[in-house]
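The following comprises the amino acid sequence and a computationally predicted model.
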Amino acid sequence: MPNIKYEIKETVGILSENNKGWAKELNLISWNDREPKYDLRDWGPEHEKMGKGVTLSRDELKKLKELLNELDL
């Protein structure tokens, strides 16, 4: 598997954390020196390991916000 370069530009927030120190985070990340996108995934302590996640453009994040606002929670 090739090396994936990433840089967390901004931590938007942490949704949850488990007892092993892994946290589900929403971050603004630049992948392989590309334009930063919003990213939701699990991260190990110190961000040395990551789980599978979802990367969203600004427009996709706006649409997701609209959809979540429509939910009756």
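In hand now; what should we look at?

C-alpha coordinates for the longest strand anywhere in the chain, CSV please?
Longest strand of the chain, by residue count under DSSP state E: strand 6-17. C-alpha atoms of strand 6-17 as CSV (Å, rounded to 0.1, in the frame of the first residue of the first chain):
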residue,chain,number,x,y,z
TYR,A,6,-1.9,14.0,5.1
GLU,A,7,-1.9,17.2,7.1
ILE,A,8,-4.6,18.1,9.5
LYS,A,9,-5.3,21.8,8.9
GLU,A,10,-8.0,22.2,11.5
THR,A,11,-9.7,20.0,14.1
VAL,A,12,-13.4,20.9,13.9
GLY,A,13,-14.4,18.6,16.7
ILE,A,14,-14.4,15.2,18.4
LEU,A,15,-17.6,13.2,18.3
SER,A,16,-16.6,10.4,20.7
GLU,A,17,-13.6,8.6,22.2
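
Need the pLDDT of the residue lying closest to W31 once chain neighbours are set aside.
Leaving aside its chain neighbours, W31 sits nearest to Y6 (5.4 Å; criterion: C-beta to C-beta, 6 or more residues apart in numbering). (C-beta placed from N, C-alpha, C; glycine too.) Looking at Y6, its pLDDT is 95.
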